[in-house]
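# The following block contains a protein sequence and its predicted model.
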Amino acid sequence: MTQLKRLQSFATASVLALLLGACASSGDTATGTPNEVQEIQAQLLGDMPLPAASKIIGSDSLIIGRGDNWVGRVVLSGVQTPMDIYAFFQSEYPRAGWTTVSAVKSKTSILVFTKGDRTSTIELTEGSFAGPKTIITITASPKNANVVAPSKK
């Protein structure tokens, strides 16, 4: 009887491990060496420095265009803490020619930068227990895009 219980426990643990492994790998992250991943991200996002080892989460991102003129939203997984990534953006974006417009440091931190005719908003949130330490969301758009307010009917 104890052998049957051990076999049941082993089977249950194996199934749970497989399910957990399936949840952890979404299949949409970039593959290749760290340098190859960084090069592809640089081609897509142009002059926007990214924290080391951060990777684009393709299923949550919408990138239109490439290089220094892309627009849309890119979501990245970060391996550093939100505080470290906040400090990275505060120091590295100005070095790349971006001007800080606004910076709010809290549970969900938000930084807003401009460069030329572009605006970049960066949102940092703490990751999940089993996932990345930080979720980084970068939204890029033209600075003075014609925004039409909805008409009242």
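Sure, I can see it. Numbering: from 1, shown residues only.
# Test my guess that residue 137 contacts residue 75.
Yes: in this structure, residue 137 is within contact of residue 75 by Cβ atoms under 8 Å, at 5.2 Å. Bear in mind the C-beta positions are built from the backbone N, C-alpha and C, glycine included.
# got any ranges where the chain has weak pLDDT?
Scanning the chain for pLDDT under 70 picks out the ranges 1-38, 145-149.
# Please work out which residues outside stretch 124-141 touch it.
20, 23-24, 45, 48, 51, 54, 70-82, 85-86, 89, 107-111, 118-123 (Cβ atoms under 8 Å, 6 or more residues apart in numbering).
# Now do the shared contacts for residue 137 and residue 75.
If you check residue 137 and residue 75 against Cβ under 8 Å, 6+ apart, no residue is contacted by both.
# what about residue 74, how many neighbours?
22 (other Cβ atoms under 10 Å).
# ok, now residue 110?
So residue 110, with other Cβ under 10 Å, has 16 neighbours.
# how far away is it from residue 86?
Per Cβ to Cβ, to the nearest Å, residue 110 is found 10 Å from residue 86.
# Specify the local secondary structure of residue 97.
What DSSP: H, G, I helix; E, B strand; the rest coil gives for residue 97 is coil.
# give me every residue that touches it.
Contacts of residue 97 (Cβ under 8 Å, 6+ apart): 47, 115.
# Is residue 63 within a helix or a strand, and which one?
strand 62-64 (DSSP states H and E).
# roughly how far is that strand from the heart of the chain?
13 Å (Cα atoms, centre = their mean, to the nearest Å).
# again, but for stretch 94-111
Distance, centroid of stretch 94-111 to centroid of chain: 15 Å (Cα atoms, centre = their mean).
# what do you get for stretch 42-52?
That offset, for stretch 42-52, works out to 12 Å (Cα atoms, centre = their mean).
# which residues touch it?
Against stretch 42-52 from outside (Cβ under 8 Å, 6+ apart): 38, 41, 56, 63, 66-70, 74, 76, 78-80, 84-85, 88-89, 92-93, 95-97, 115, 120, 136, 138, 140.
# Buried residues in that stretch, which are they?
By 16 or more other Cβ atoms under 10 Å, the buried positions in stretch 42-52 come out as 44, 45, 46, 48, 50, 51.
# and the residues you listed, which of them are in strands?
Among the buried residues of stretch 42-52, no member falls in strands (DSSP state E).
# Redo those residues as TSV? Include distance to residue 151.
Converted to TSV, the buried residues of stretch 42-52 look like this (distance: Cβ to Cβ, whole Å):
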residue	distance to residue 151
44	36
45	35
46	36
48	35
50	40
51	42
